[in-house]
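Engineer: What follows is a predicted structure for the sequence shown.
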Amino acid sequence: MESSSKGKSLYYQLVDVLKDRIETQMTAHDQLPSERELCQHYGVSRTTVRLALQELETLGCIYRRHGKGTFVSDLSVKSSNLAGAYSFTEAMKELGRLPKTVILEFRQIEATKKIAQALNIMLGEPVFKIKRLRLADAEPLMVERSYLPVKLFMNLDLPLLESKPLYDVFSQDYNQIVQFADEEFYASIVQKKDADLLRIADSAPVLHLIRSTYNHKNEIIEYTVSVARADQFHYKIRHVRSN
């Protein structure tokens, strides 16, 4: 590769070269050569290779499996448009993927100050906490922690949650019709507790999603904080200019 004195640094040159190789010569889940092989092939240092791979991972072009290697992400094939898709199950079905939800935790707790503010309830009010692992085609995509006011979902239990999607429980069992949801997101680095569940490397990039769901009375019926794999999700937003 060219010396950094002739333009872009070697690190940025390698990012461009590998990105082009991924887009033109490789398909989703193909394995990239090892760091040592990339060093030898492109004549650069291991530090340069590692920086380039970190950049490609941040861009969502690749993902890493501890002890197995580095692979091409499937963003161009199966990436999920989360904007406006409040139901994970329906969103995955629309993409032709097989959704699965594993409930890791379900219990009643007292609302902390943060949760009380998010749900617009009193501090200490009872809420249900639901922690779920979301998968598509047996691949873990997202860890969700949801909080529901107990007063709106009396007698909610684990068998009911396991029998159908949460939004079906809302409408079919509690007559809670979703009117709209506010959602925000930001990029971050995964924590170890979530990295293990998502089967990604420690310090891998993730998307944090925060959703507040409202019913037809404009009451907040759900507050959810999610951690999603950056190599599996992207946002597509349309901005419309009003007259």
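Structural biologist: Looks like it arrived, so ask away. Numbers count the residues shown, from 1 in each chain.
Engineer: use CA for all of it now, contacts and neighbours both
Structural biologist: Fine.
Engineer: Can you list the low-confidence ranges for this protein?
Structural biologist: Scanning the chain with the threshold set as pLDDT under 70 gives 1-8, 75-87, 233-243.
Engineer: Show me the domain layout of this protein.
Structural biologist: When the chain is parsed with the TED database, its domains come out as 8-70, 80-227.
Engineer: Centre of the chain to the last one, how far?
Structural biologist: To tie it back to what came earlier, the one meant is domain 80-227. Relative to the mean C-alpha coordinate of its chain, domain 80-227 is positioned 12 Å out (C-alpha atoms, centre = their mean, to the nearest Å).
Engineer: likewise stretch 48-62?
Structural biologist: Using C-alpha atoms, centre = their mean, the offset of stretch 48-62 from its chain centre is 18 Å.
Engineer: And for stretch 220-235?
Structural biologist: Counting by C-alpha atoms, centre = their mean, stretch 220-235 comes out at 5 Å from the chain centroid.
Engineer: Quick check: buried residues in that stretch?
Structural biologist: 220-234 (16 or more other C-alpha atoms under 10 Å).
Engineer: Need the CA coordinates for it. PDB is fine.
Structural biologist: Extracted in PDB, the C-alpha atoms of stretch 220-235 (Å, rounded to 0.1, in the frame of the first residue of the first chain):
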ATOM      1  CA  ILE A 220     -47.500   5.600  28.800                       C
ATOM      2  CA  ILE A 221     -48.100   1.800  28.900                       C
ATOM      3  CA  GLU A 222     -44.500   0.700  28.200                       C
ATOM      4  CA  TYR A 223     -41.000   2.000  28.800                       C
ATOM      5  CA  THR A 224     -38.300  -0.200  27.100                       C
ATOM      6  CA  VAL A 225     -34.600   0.100  27.000                       C
ATOM      7  CA  SER A 226     -32.900  -2.100  24.400                       C
ATOM      8  CA  VAL A 227     -29.400  -3.000  23.400                       C
ATOM      9  CA  ALA A 228     -29.100  -4.000  19.700                       C
ATOM     10  CA  ARG A 229     -26.200  -5.400  17.700                       C
ATOM     11  CA  ALA A 230     -24.800  -2.700  15.500                       C
ATOM     12  CA  ASP A 231     -24.100  -5.200  12.700                       C
ATOM     13  CA  GLN A 232     -27.700  -6.300  12.500                       C
ATOM     14  CA  PHE A 233     -29.700  -3.000  12.700                       C
ATOM     15  CA  HIS A 234     -29.800   0.300  10.900                       C
ATOM     16  CA  TYR A 235     -32.200   3.200  10.900                       C
END
